[in-house]
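[1] what's the 3D shape of this:
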Amino acid sequence: MKKIDYKKELKHLYKPSTKKVEMVDVPAMNYLMIDGQGDPNTSVDYKNSIEALFPVAYTLKFMVKKSDLGIDYGVMPLEGLWWVDDMTQFDANKKDDWKWTSLMMQPEFITREMVEKAIEQVRQKKNPPALDKIRFESFKEGKAAQIMHIGPFSEEGPNIQKVHAFITSNGNRLSGKHHEIYLSDIRRAAPEKWKTIIRQPFE
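    Predicted structure coming up:
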């Protein structure tokens, strides 16, 4: 059986430096996505999005493992796109105003039909409230700057500023949505050890 570790295959996207901001070009990839709005710390919709995405992602993994494809791959981490309609007003202290997309990258061999089958299997077992909000879409981020943040989410500010300063100091401007990739299981790891990729597209 073939084993694939996409975090290693896509190391330049999923293992940035903790010390310096790096530029990446993020190609089009397919994702499971759920959209919502509100403070992720208190929003029931945000909690529901996670409780729907993970079981579908794991169901797809085991479907592929048992199929003729015979591939065993690691489920990719949860990611989040965060924004407000006017990004100049994006304020870390006003999370109630945030809009978001929770998403998880899927391998290139995952098809829409497979996703629909996985959703039905999850519906029969758990039927999480946000299951019908899942969409399967391609998303291309393009040029972006990123850094690895170690520590709680509440301490991301300086690294976010570092990424933004890197972009503007090179004569570019921020575009698209604030992007975070959550590499740690926050239920098990201590907050000071949480690993979060902070990514910002630019043009």
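
[2] those helices in this protein, which residues are they?
    Along the chain, counting by DSSP state H, helices occupy 6-9, 11-14, 44-66, 112-125, 157-169.

[3] Mean neighbour count and distance to residue 21 added to those helices, as a markdown table?
    Quick note: C-beta positions are derived from backbone N, CA and C, even for glycine. Supplementary listing: the helices of the chain in a markdown table, determined by neighbours: other Cβ atoms under 10 Å; distance: least, Cβ to Cβ, whole Å:
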| stretch | mean neighbour count | distance to residue 21 |
| --- | --- | --- |
| helix 6-9 | 14 | 20 |
| helix 11-14 | 16 | 14 |
| helix 44-66 | 18 | 27 |
| helix 112-125 | 15 | 34 |
| helix 157-169 | 15 | 4 |
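
[4] could those go into a markdown table alongside mean pLDDT and distance to residue 82?
    Below are the helices of the chain laid out as a markdown table (pLDDT from 0 to 100; distance: least, Cβ to Cβ, whole Å):
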| stretch | mean pLDDT | distance to residue 82 |
| --- | --- | --- |
| helix 6-9 | 95 | 22 |
| helix 11-14 | 96 | 18 |
| helix 44-66 | 96 | 11 |
| helix 112-125 | 97 | 24 |
| helix 157-169 | 94 | 11 |
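
[5] For residue 90, which of those is the nearest?
    Closest to residue 90 of the helices of the chain, according to Cβ to Cβ: helix 157-169, at 9.7 Å.

[6] pLDDT weak spots in this protein?
    Nowhere does the chain drop to pLDDT under 70.

[7] before we move on, the earlier item: with distance to residue 193 added, can I get the helices of the chain in CSV?
    Listed next are the helices of the chain as CSV, based on distance: least, Cβ to Cβ, whole Å:
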stretch, distance to residue 193
helix 6-9, 17
helix 11-14, 17
helix 44-66, 20
helix 112-125, 30
helix 157-169, 15
